[in-house]
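1. Sequence plus the predicted model coming up.
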Amino acid sequence: MANSFSNSLAEIPMNSTIASSNNSENFFIKVGQGNSTVTYNQYYPSNIEIVKGDSITWYSGMDVPLAHTVTFLQGLDNMEKIGIPFYIRNTTNLLQSIENTGEPLKEITANGTQIVMVLNSRALNPTVITNDSKVLDLGLDATYNFKGNEKFVNSGPLLSIDEKQNFDYSFSNSFTLVFDKPGLYEYSCLFHPWMIGKVLVKPK
């Protein structure tokens, strides 16, 4: 079959598919690539063709701690972003937990209300928002059965398992989805929106 999906499968090493007991396969996609000198913000492969019941594991291809996400987004009134605004009382005094490390991003609206930008937990952790708007926290290195109608499926930042993580909290090394419904699904990185991947799921 000569199309972009089958051609991109050639980029996957021969040892990167693992047959399971139900004859389904697990494919691997590298998230980003590069080193301390140059980075390439792309999924490898960016297009893939699988069949219903197969799974895909995304993992970091970076030698440096530059994070990327795998994020499927559809049907949300407001896109989940890395930073989101919150109203706070104008009398609130924001105190630094560590001296001289910076300031929060804040803005005073025309009516005098104060808005402060904070990091979005749903963007920074493996999270699903279902079709009926339930929020599921998946935990690190999650595996999730993808239904195809979710509003939001997000890996959180993926960092290389080979790199020591010196952060305030741990990030996932991998993220796995089992695809239960045929269809064409597009995903991207919340940090780099131009990073786009596509999964074509065919019936068995």
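-> Received, thanks. Numbering: from 1, shown residues only.

2. just for this protein, where's the confidence low?
-> Within the chain, the stretches with pLDDT under 70 are 1-22, 36, 100, 161-169.

3. do that again at 80, thanks
-> 1-22, 34-39, 61-66, 75-79, 89-105, 112, 160-170 (pLDDT under 80).

4. Using the record's domain definitions, break it down for me.
-> The chain breaks down into these domains under automatic domain parsing: 4-78+124-202, 83-118.

5. Give the buried residues for the last one.
-> Using 16 or more other CB atoms under 10 Å as the burial criterion, the residues of domain 83-118 that qualify are residue 114. Quick note: C-beta positions are derived from backbone N, CA and C, even for glycine.

6. count of neighbours near residue 124?
-> Neighbour count of residue 124, defined by other CB atoms under 10 Å: 17.

7. check contacts around it.
-> For residue 124, the contact set (CB atoms under 8 Å, 6 or more residues apart in numbering) comprises 82, 156, 157.

8. Now the buried members of the residues you listed.
-> Among those, those classed as buried by 16+ other CB under 10 Å are 156, 157.

9. So which of the contacts of residue 124 belong to strands?
-> Residues of those located in strands (DSSP state E): none.

10. how about TSV for the contacts of residue 124, with distance to residue 32 added?
-> Shown next, in TSV, are the contacts of residue 124 (distance: CB to CB, whole Å):
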residue	distance to residue 32
82	16
156	14
157	11
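
11. which residues of the protein fall in helices?
-> For the chain, the helices defined by DSSP state H cover 4-9, 121-124.

12. which residue sits closest to residue 202, ignoring its sequence neighbours?
-> In space, residue 202 comes closest to residue 51 once its chain neighbours are excluded; the distance is 5.0 Å by CB to CB, 6 or more residues apart in numbering.

13. I meant residue 29, not that one.
-> Excluding its sequence neighbours, the residue lying closest to residue 29 (CB to CB, 6+ apart) is residue 58, at 5.0 Å.

14. Just confirm the residue nearest to residue 202 contacts residue 199, I think it does.
-> No. Using CB atoms under 8 Å, residue 51 is not in contact with residue 199, being 11.2 Å away.

15. How about residue 143, nearest residue that isn't a chain neighbour?
-> Closest residue to residue 143 apart from its sequence neighbours, by CB to CB, 6+ apart: residue 176 at 4.2 Å.

16. Number of residues surrounding that neighbour?
-> By other CB under 10 Å, 19 other residues sit near residue 176.

17. Ok, the one 4 residues further on next?
-> Residue 180 is flanked by 13 other residues according to other CB under 10 Å.

18. residue contacts, it?
-> Contacts here follow CB under 8 Å, 6+ apart; on that basis residue 180 touches 52, 53, 145, 146, 147, 148.

19. what about the longest strand in the chain?
-> Longest strand in the chain, counting by DSSP E: strand 25-34.

20. and it, what does it pack onto?
-> Judged by 3 or more CB pairs under 8 Å, 6 or more residues apart in numbering; DSSP states H and E, the packing partners of strand 25-34 are strand 18-19, strand 39-44, strand 47-51, strand 55-62.
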